[in-house]
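In: I'll drop the sequence and a predicted model, then ask my questions.
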There are 2 protein chains.
Amino acid sequence: LSLSLSKEGINAKTSTQGITPHVAFLHLFPASLCLSLSLSHPHTHTPTHNSSSREEERERESSGSWEMTGDGAAAAGPYEHPYVPRDLVLPGFVPNFLTILDIFTPYATASLLVVALVWLLSGRSPKLFKTDRVIMCWWAFTGLTHIVLEGYFAFSPEFYKKKTPHYLAEVWKEYSKGDSRYASRDSAIVTVEGITAVLEGPASLLAVYAIAAQKPYRYTLQFAVCLGQLYGCLVYFITSYLDGDNFSTNSYFYWVYYIGANSSWTVIPTLIAIRSWNKISAAISMDKNKKMQ
Amino acid sequence: LSLSLSKEGINAKTSTQGITPHVAFLHLFPASLCLSLSLSHPHTHTPTHNSSSREEERERESSGSWEMTGDGAAAAGPYEHPYVPRDLVLPGFVPNFLTILDIFTPYATASLLVVALVWLLSGRSPKLFKTDRVIMCWWAFTGLTHIVLEGYFAFSPEFYKKKTPHYLAEVWKEYSKGDSRYASRDSAIVTVEGITAVLEGPASLLAVYAIAAQKPYRYTLQFAVCLGQLYGCLVYFITSYLDGDNFSTNSYFYWVYYIGANSSWTVIPTLIAIRSWNKISAAISMDKNKKMQ
């Protein structure tokens, strides 16, 4: 078993390393912070657990089954998980097969392609202003992130047990270093991610269409999705605070994954919500003035 | 100590029993379901724990301190709590001093007064339609409920330890029979209640003013608060489902408190959100047509 695992891990790494990261474009991306920081701090971006000792751990045999001890020792099957709190028990945990670069590059590349496509297609419409087109790119990016990445997490309770490389499982195993509640399947996290994937994901894609077709509900829809994203972020951060704010492997993962990767989903929805609010208020004022004439 | 507790309990009951419940008006109220059902089912509305055995329990002396056993036995200080799951540990728990009628009557009476006041005052404005006035009554009622009741819960972690009768603590001790996550201070519950009290409560009262003053943001604000209430309900019900849906003392409390008392906050926000969405879309269509002329 350990031999086949190693082989698959190596194959997966080889195939994804064929994609060259276009670092020059990555500043456009919210999550590019992760990559740029990890590139400039090579000593931190390689997880302690999954680097040099990974192969040895796969070779290592465990004779007995692991039980929930609750005594502070991490006991998670044959492999020790890298998450905090250390007494978190994850039976059947299998470490990451892919590095952070292997995980980040396909996400960034796919997102860039989506953004480029929406930007180019929306440029054909003379009715759309540049702001509308930029916002359409955001909705396409965030909608697909919600549906694909967060949708996978919400409905895959055993993602950390995957014994073969699965890209989406790798994403969440890696992200769990910033917030172990993903691996431990905290019910508030699963709830927020489920709502985000099922309701906000499709609604984000509908927003792309609504802006393109200049639908009368376009600002209300965008406002609704922004509020959903902001409410989700509030639940996300407040529940963590109430539960002790001790779910990151170290301060690097805390600031880059937990804070950094989520910051776009607090700042951008706030800006679009304010814009939508103002657009609606202007239309209602206009409507009122017209009725009074 | 046990003697003084008993005296205070009796005094509190005597003073609140002076208020006559106006049952005829109560059908106007969402929560009136609780009262009508409890009146028609006297055998269920009296909590097992706090009725006949309450005085005996207060007299009972406990010699040793209670420790977290996790073996299914409820161990919560000198008093045994009435909540489910039974292995929930609530050190320092003190049973209800007030009956369900003592708790419900002041809430219903105060709410009726608020609704009557808003209805009468809003009647003076010739610009307001009856639908607007009904909705203003709802916003005043729900806003004050959010701020006073839910605000108290969110910032009172030790409400169940109150050794003297405190009306708001009594409300949440009673409601915890429908959902013990209030007593156990589940972080998702505290988060949702905190957001509801701090953001949605004041925003609901602002909606009363915005409708009265016909502000251009009135529909956007109402839409926002409705979405917040609906998101809160989703988090509330989904986290419970994920955590096993076993937090009600019995099926009576499950249906009347957990489902019944929350149903208004799913149905009414849905209706107002749809109305707001339609009003905004109509105004934006009108605005577009005007610009095209």
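Out: That came through, no problem. Keep in mind the model is a prediction, meaning the values are calculated, not measured.

In: and the pLDDT at the nearest residue to A:K161 once chain neighbours are set aside?
Out: Of all residues not flanking A:K161 in the chain, A:G92 sits nearest, at 4.1 Å (Cβ to Cβ, 6 or more residues apart in numbering or on different chains). Every residue, glycine included, has its C-beta placed from N, CA and C. In this prediction, A:G92 carries a pLDDT score of 94.

In: with A:Y257 instead?
Out: 97.

In: so it is in contact with A:V171, correct?
Out: No: using Cβ atoms under 8 Å, A:Y257 makes no contact with A:V171, being 11.0 Å away.

In: mutual contacts of these two, please.
Out: Among the neighbours of A:Y257, none is also in contact with A:V171 (Cβ atoms under 8 Å, 6 or more residues apart in numbering or on different chains).

In: returning to what we had before: make sure the residue nearest to A:K161 is actually in contact with A:P157.
Out: No: taking contacts as Cβ under 8 Å, A:G92 lies outside contact range of A:P157: 11.4 Å.

In: so between the two, which is more surrounded?
Out: The neighbour count for A:G92 versus A:P157, taken as other Cβ atoms under 10 Å in any protein chain shown, is higher for A:G92 (14 against 10).

In: do you know how far the more buried one is from A:Y182?
Out: Plainly put, A:G92 is 16 Å away from A:Y182 if you go by Cβ to Cβ, to the nearest Å.

In: over to A:G244?
Out: The value you get for A:G244 to A:Y182, if Cβ to Cβ is used, is 16 Å.

In: what residues does the stretch 151-293 of chain A put near chain B?
Out: A:187-188, A:190-192, A:194-195, A:214, A:216-220, A:223-224, A:227-228, A:231-232, A:234-235, A:238-239, A:242-243, A:276-277, A:280-288, A:290 (Cβ under 8 Å from any Cβ of the partner chain).

In: just the buried ones from those residues?
Out: When those are checked for burial by 16 or more other Cβ atoms under 10 Å in any protein chain shown, the buried set is A:187-188, A:190-192, A:194-195, A:216-220, A:223-224, A:227-228, A:231-232, A:234-235, A:238-239, A:242-243, A:276-277, A:280-281, A:283-284, A:286-287.

In: of those residues, which belong to strands?
Out: Assigned to strands by DSSP state E, none of those qualify.

In: pLDDT on the host helix or strand of A:I135, on average?
Out: A:I135 is part of helix A:130-144 when elements are defined by DSSP states H and E. Mean pLDDT, computed over helix A:130-144, is 98.

In: who touches that helix?
Out: Here helix A:130-144 has contacts from A:110-111, A:114-115, A:117-119, A:122-123, A:128, A:200-205, A:207-208, A:211-212, A:222, A:225, A:229, A:265, A:268, A:272, using Cβ under 8 Å, 6+ apart.

In: ditto for stretch A:261-276
Out: A:30-31, A:33-34, A:135, A:138, A:142, A:175, A:178, A:219-220, A:222-223, A:225-227, A:229-230, A:232-233, A:236-237, B:220.

In: give the buried residues for that stretch.
Out: A:261-262, A:264-266, A:268-269, A:272-273, A:275-276.

In: what average pLDDT does it get?
Out: Per-residue pLDDT over stretch A:261-276 has a mean of 98.

In: again, but for stretch A:215-233
Out: Per-residue scores along stretch A:215-233 average to 98.

In: now that stretch, how far from the centre of its chain.
Out: On the basis of Cα atoms, centre = their mean, to the nearest Å, stretch A:215-233 sits 19 Å off its chain's mean C-alpha point.

In: try stretch A:142-162
Out: The answer for stretch A:142-162 is 9 Å, by Cα atoms, centre = their mean.

In: ends of that stretch, how far apart?
Out: Length of stretch A:142-162, first residue to last, Cα to Cα, to the nearest Å: 26 Å.

In: in it, what counts as buried?
Out: Those buried within stretch A:142-162 under the rule 16+ other Cβ under 10 Å are A:142-154, A:159-160, A:162.

In: do stretch A:247-262 as well
Out: Neighbour-count burial for stretch A:247-262 flags A:247-249, A:252-254, A:256-258, A:260-262 (criterion: 16+ other Cβ under 10 Å).

In: just flag the most distant two among the residues you listed.
Out: A:T249 and A:N262 (16.3 Å; Cβ to Cβ).

In: where does pLDDT dip in the stretch 51-200 of chain A?
Out: The stretch 51-200 of chain A contains residues with pLDDT under 70 at A:51-77.

In: try 80 this time
Out: Along the stretch 51-200 of chain A, the model assigns pLDDT under 80 to residues A:51-78.

In: and A:F93, its phi and psi?
Out: Main-chain torsions, A:F93, degrees, to the nearest 10: phi -60, psi 140.

In: gap between it and A:P82?
Out: Distance from A:F93 to A:P82, by Cβ to Cβ: 9 Å.

In: same thing with A:W172?
Out: In terms of Cβ to Cβ, A:W172 sits 13 Å off from A:P82.

In: coming back round to it: from the buried residues of stretch A:261-276, which land in helices?
Out: Using DSSP state H, A:261-262, A:264-266, A:268-269, A:272-273, A:275-276 are the members of the buried residues of stretch A:261-276 that sit in helices.

In: distance to A:T99 for those residues - can I get that in a markdown table?
Out: Putting these into a markdown table (distance: Cβ to Cβ, whole Å) gives the following:
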| residue | distance to A:T99 |
| --- | --- |
| A:A261 | 17 |
| A:N262 | 22 |
| A:S264 | 23 |
| A:W265 | 25 |
| A:T266 | 28 |
| A:I268 | 28 |
| A:P269 | 31 |
| A:I272 | 34 |
| A:A273 | 36 |
| A:R275 | 38 |
| A:S276 | 39 |
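
In: B:L101: which of those residues is nearest?
Out: Closest to B:L101, out of all of those and judged by Cβ to Cβ, is A:A273, at 43.6 Å.

In: neighbour-wise, which of A:W172 and A:P82 wins?
Out: Just comparing A:W172 and A:P82: by other Cβ under 10 Å the higher neighbour count belongs to A:P82, 24 against 21.

In: help me confirm that that one is found in a strand?
Out: No: using DSSP: H, G, I helix; E, B strand; the rest coil, the assignment for A:P82 is coil, not a strand.

In: gap between it and A:E174?
Out: 10 Å.

In: just to revisit the earlier point, and which of the buried residues of stretch A:142-162 is nearest to chain B?
Out: When these are compared for distance to chain B (Cβ to the nearest Cβ), A:A154 wins out at 10.5 Å.

In: just the buried residues of stretch A:247-262: which are in helices?
Out: Secondary structure from DSSP H places A:252-253, A:261-262 of the buried residues of stretch A:247-262 in helices.

In: show me which of those residues is closest to chain B.
Out: Nearest to chain B among those, with distances taken as Cβ to the nearest Cβ, is A:N262, at 15.6 Å.

In: against A:Y236, how distant is the closest one?
Out: As judged by Cβ to Cβ, A:N262 and A:Y236 stand 7 Å apart.

In: and if you look at A:R181?
Out: For A:R181, the distance to A:Y236 - Cβ to Cβ - is 9 Å.

In: cool, A:M286 as well?
Out: 37 Å.

In: next one: A:D287
Out: 37 Å.

In: same question, A:I195
Out: According to Cβ to Cβ, A:I195 and A:Y236 sit 11 Å apart.
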